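Peer 1: sequence and predicted structure below; questions after.
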Amino acid sequence: MKEIEQYDFAIIGAGAAGLQLALALLNDSFFADQSLVIFDADLKDENDKTWCFWEKGKGQWDELIRHSWSQTTFADSKELLKLNTSPYHYKMLRSLDFYNFAKSKIEQSGRVKWITENVQTTRESTEGIEISVQGKTFKAGHCFDSRLPETYFKDRESHKVAQHFKGQFLKFDEPVFDQQNFTMMDYRLIYKNTTSFMYILPVNSREALFEYTFFSPDLVDESVYLDQIRSYVTEYFKNHKFEVTEEEDGIIPMTNFPFHKYHSKHLTKIGTAGGWVRASTGYSFKNAGGNVKKIIENLKKRQHPSTGVFKKKYHFFDTLLLNVLQYENHLGPAFFGQLYRNNRLETIFRFLDGESDILDDLKIVTSVNPWPFLKAIYRELIG
Ligand SMILES: Cc1cc2nc3c(=O)[nH]c(=O)nc-3n(C[C@H](O)[C@H](O)[C@H](O)COP(=O)(O)OP(=O)(O)OC[C@H]3O[C@@H](n4cnc5c(N)ncnc54)[C@H](O)[C@@H]3O)c2cc1C
């Protein structure tokens with residue numbers, strides 16, 4: 001007979017979302033007698049991502065933070081803006097530090113089963129979810145699932161822009177950076193009329209992560225990112241020697257795909273698969289923290305865990321920006337220039353955190369050229 005293991009909760013995917021959720025369940029005495037099984041195809045023993053996010057004051061991950069900044073630069077062909085991030089700090093967390101921290105807490109708890117396997121199928125029954133892995137069946141009352149729905153890959157209706165980038169940690173032979181200042185977007189070296197920019201995170205006076213980043217529907221050859229980094233360094237760090245110490249790359253979906261429609265009675269999509277990546281920016285780490293809090297509250301109130309996670313207002317705003325980026329990608333640099341020049345950073349951060357009020361929304365909407373967005377509304381309406 002087939003062996004069946006029964007759990008209260010299952011989490012598929014021990015990434016940014018799955019691990020934040022697992023830790024929140026373990027930290028809350030309400031769930032002290034509830035069992036949890038976690039599945040991940042990967043061992044989570046590599047530093048595969050550098051997560052950054054802005055946060056006011058002290059935060060939950062402060063002891064793991066590698067570096068934080070209190071100033072940022074936005075640059076384009078018109079000017080170089082230096083902006084104070086106060087009352088926020090921009091913080092950098094290396095994914096391996098987070099994985100190690102989470103794995104040790106999970107192990108210490110002694111009440112989580114961790115299975116390093118790829119989950120292919122789940123089946124919903126009246127009492128919960130059945131997860132079959134390597135001929136074994138696991139049952140869970142509720143499953144939190146980080147896998148992208150299969151229809152996402154076939155879908156042709158939604159906007160599919162991507163934040164795609166390649167980054168290199170460059171170590172210079174002498175001090176060249178202000179460690180308090182990171183570069184959010186530098187549009188002085190645009191690639192072929194696209195929305196493409198340099199993002200720079202100095203971790204000390206000699207070393208920084210340089211990421212050449214696109215917000216665009218089309219990917220480019222790997223050599224393009226590297227050539228852009230080389231050209232940028234040649235132009236703005238003339239005569240300084242450096243070595244490459246580490247590399248990172250990524251493709252983050254920026255999409256209005258309706259992920260929120262893929263929850264079911266006993267299954268909640270989380271992380272990228274739950275639509276937790278802010279479609280207009282590609283940021284999601286901090287967003288995941290907020291959504292996990294909401295899930296915990298919902299579980300305690302015996303509501304569906306996804307209740308209140310999807311925010312229609314921001315879905316609408318993001319859809320319009322994605323429409324512009326998809327059909328008129330060359331307009332991105334001007335849009336971001338107007339956004340950063342005409343708003344306080346605090347207002348922008350509140351808007352991107354999904355915490356803006358109507359006044360903030362009005363400020364943001366009226367700070368940029370409306371024509372591309374009116375055209376985007378028209379394109380949305382005529383389908
Ligand atoms: C290189 C990179 C840098 C980024 N930087 C930032 C940043 O600075 N700030 C920010 O806010 N966001 C950033 N993001 C975006 C976003 O925060 C991350 O993609 C984040 O990791 C998404 O969380 P997640 O849990 O959905 O996915 P992941 O963290 O990728 O976790 C998903 C997990 O599910 C597992 N999995 C998938 N399929 C299966 C399966 N079938 N069976 C078992 N396990 C499975 C995977 O192995 C993985 O461990 C970055 C993304 C990338 C790729």
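Peer 2: Thanks, I have the structure now. Residues are numbered from 1 along each chain as shown.
Peer 1: around the ligand, pick out the residues from this structure.
Peer 2: 12-18, 39-42, 49-53, 118-119, 146-147, 248, 250, 252, 271-272, 277, 282-285 (Cβ under 6 Å from any ligand atom). Every C-beta, even on glycine, is put in place using the N, C-alpha and C of the backbone.
Peer 1: only whichever of those are buried, select them in ChimeraX.
Peer 2: Paste this into ChimeraX to select the buried members of the residues of the chain next to the ligand, with burial taken from 16 or more other Cβ atoms under 10 Å:
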select :12,13,14,15,16,17,18,39,40,49,50,51,52,53,119,146,147,248,250,252,271,272,277,282,283,284,285
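Peer 1: in this protein, where is pLDDT below threshold?
Peer 2: 1-2 (pLDDT under 70).
Peer 1: and the helices in it, which stretches?
Peer 2: Assignment of helices within the chain using DSSP state H yields the ranges 16-27, 95-109, 150-154, 222-236, 285-300, 312-327, 332-342, 345-352, 358-366, 371-382.
Peer 1: same question for the fourth one: list its buried residues.
Peer 2: Think helix 222-236. In helix 222-236, counting by 16+ other Cβ under 10 Å, buried: 224-225, 228-229, 232-233.
Peer 1: now it, how far from the chain's geometric center?
Peer 2: Distance of helix 222-236 from its chain centroid, counting by Cα atoms, centre = their mean, to the nearest Å, is 24 Å.
Peer 1: picking that back up, right, and the helices of the chain - which one's nearest residue 216?
Peer 2: helix 312-327 (6.8 Å; Cβ to Cβ).
Peer 1: what residues does the closest one touch?
Peer 2: Applying Cβ atoms under 8 Å, 6 or more residues apart in numbering, the contact partners of helix 312-327 are 159-161, 195, 215-217, 254-256, 278-280, 331-332, 335, 354, 361, 372-373, 375-377, 379-380.
Peer 1: apply 7 Å and report the result again.
Peer 2: 159, 161, 195, 215-217, 254, 256, 279-280, 331-332, 335, 354, 372-373, 376-377, 379-380 (Cβ atoms under 7 Å, 6 or more residues apart in numbering).
Peer 1: check stretch 207-218 too.
Peer 2: 50, 160-171, 177, 194-202, 220, 225, 228-229, 254, 325-326, 329, 332.
Peer 1: for stretch 280-295, same thing?
Peer 2: Contacts to stretch 280-295, defined as Cβ under 7 Å, 6+ apart, come from residues 16-17, 20-21, 24, 51, 53, 55, 60, 163, 252, 254, 271-272, 276-278, 305, 308-309, 318, 321, 352.
Peer 1: before we move on, back to that, want to throw the helices of the chain into a markdown table with distance to residue 138?
Peer 2: Shown next, in a markdown table, are the helices of the chain (distance: least, Cβ to Cβ, whole Å):
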| stretch | distance to residue 138 |
| --- | --- |
| helix 16-27 | 15 |
| helix 95-109 | 17 |
| helix 150-154 | 21 |
| helix 222-236 | 39 |
| helix 285-300 | 19 |
| helix 312-327 | 33 |
| helix 332-342 | 45 |
| helix 345-352 | 37 |
| helix 358-366 | 44 |
| helix 371-382 | 42 |
